Each structure stands twice: as C-alpha cells, then as structure tokens.
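Participant: no FASTA, just this:
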C-alpha cells in the first residue's frame, strides 16, 4: 500500500513539474525602450514583449512577465526568480560562461555616443549603463567611465553636465535625439557583440530548443524582420 501511495505521489509531482514547465516567467528590465518598457497601463511593452509573447504562443507555453533591475538581472535568473532574460542583452563570451543564450533575435547592431554637441571629447567622462558591453568598452577605451543603473540615468547625466557623452545601443539612443532634445550623435558608430539573444540557465536546454525553433521560423518567414521594423523603424538593421 505504501508503494502505491508513493508511486502516486511521484506521478503527481512529475505531472506538477510538467505543468510548471508550461508556465515560463519572462524576465526583463522594463526600462530600455523600444526593446522593453512599462506602458501607461503599468504593463511590460515593447519589441521584446511582442516577440516573447509570439514565441510562447508558437511553443504552446503560458508565459508571464517579470521585471528586474538590470544590474542584478543575471543573478536573479540563476536564483530561479524567472526563466528567461529578454532585455536587450547582447550575447558575449563573458556572459556565456555564466548563462546560456538562444540564437540572436536581433542582429549585431551599432553602439553610439550621444552628447550635447558633435565635437565633444570622447576620451572625457562617458556615461554607460552598468553591466553592459558598452560599459566594458568605455572602461578599456581610455575614457573615464561613469556607470548608472538605467539608460535614463545616463541621459540625465549628459543633460546636467555630469558626463560628456553617453555610450549605448544606437537603437535605444535614437528616441532621445529627437528635435528639441538638445542631444546629437557624436563620433562614429561602434559595432559590439554578437547580437541579442534570450538568456537562460544552462540547464534549461529544452526551453532553449523551443525558443530557437521559434526564432528560426520567424527569421525564415520574415515576421522577425517585420517586428524589428515596426519597433525600430525602416532604417533598423534586420536579418
């Protein structure tokens, strides 16, 4: 009788795990438009929200969205607070030592400097978001790196004169250089990274395969390029 009860309990646990795996918690920052941001309804929105929902639908997964500060986004993935990272995270060899990535869903794109004038000293004080490949680049460039928690904070530092320029993904900086902002692109674009992918724990191989299959399909049928163009404009780099 004990064996029967134990077997039933194990089966119930197994079924519970299988069901739990169908609920995927999608981690993002919610502060990096147009990749991800919080809309007027208080909901996660943006390119990665739309892409993530589409991939979950294709894989028959029930997905929920969780926001987390950028500077602790990888530790909290590893701690199990969510199952994926869709947060404009570039695929790098350094990050691959800690987590795994799907294939890229956004091609390698340019990073750029934004300042109050085009003649700014790019070897001066440069703001970058903490934990980004742009921060690593500035740290090795000879300029003085000034790190901030969010992209908005880096822009504010340039506007108030605390930093000479900000260095970040050009696509993310574009909304900040609209007419009347007082900010402009300075210097040449700098290509960094291997594109942007979904971050996962190294143990989640089945989930990685499902998302990779979905990304491949969206690349092949043109839907991914359409999403990129929708959120980043007709001049955005596509596959």
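Facilitator: Perfect, thanks for sending it. This is a predicted model, so every value here is computed, not measured.

Participant: got the domain ranges for this protein?
Facilitator: 2-108+195-232, 110-191 (automatic domain parsing).

Participant: for residue 112, give me its contacts.
Facilitator: Residues in contact with residue 112 (CB atoms under 8 Å, 6 or more residues apart in numbering) are 167-170, 173, 185, 187, 189-190. All C-beta atoms are positioned from the backbone trio N, CA, C, and that covers glycine.

Participant: just to revisit the earlier point, reformat the domains of the chain as JSON lines; add mean pLDDT and distance to residue 238.
Facilitator: As requested, the domains of the chain are exported to JSON lines (pLDDT from 0 to 100; distance: least, CB to CB, whole Å):
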{"stretch": "domain 2-108+195-232", "mean pLDDT": "89", "distance to residue 238": "4"}
{"stretch": "domain 110-191", "mean pLDDT": "95", "distance to residue 238": "12"}
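
Participant: columns distance to residue 239 on top of the ones you listed, output as JSON lines?
Facilitator: Below are those laid out as JSON lines (distance: least, CB to CB, whole Å):
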{"stretch": "domain 2-108+195-232", "distance to residue 239": "5"}
{"stretch": "domain 110-191", "distance to residue 239": "15"}
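
Participant: returning to what we had before: identify the farthest-apart pair in the contacts of residue 112.
Facilitator: Pairwise distances among these were taken by CB to CB; the largest, 15.0 Å, belongs to 169 and 187.

Participant: okay, those two: which has more neighbours?
Facilitator: residue 169 (24 against 15; other CB atoms under 10 Å).
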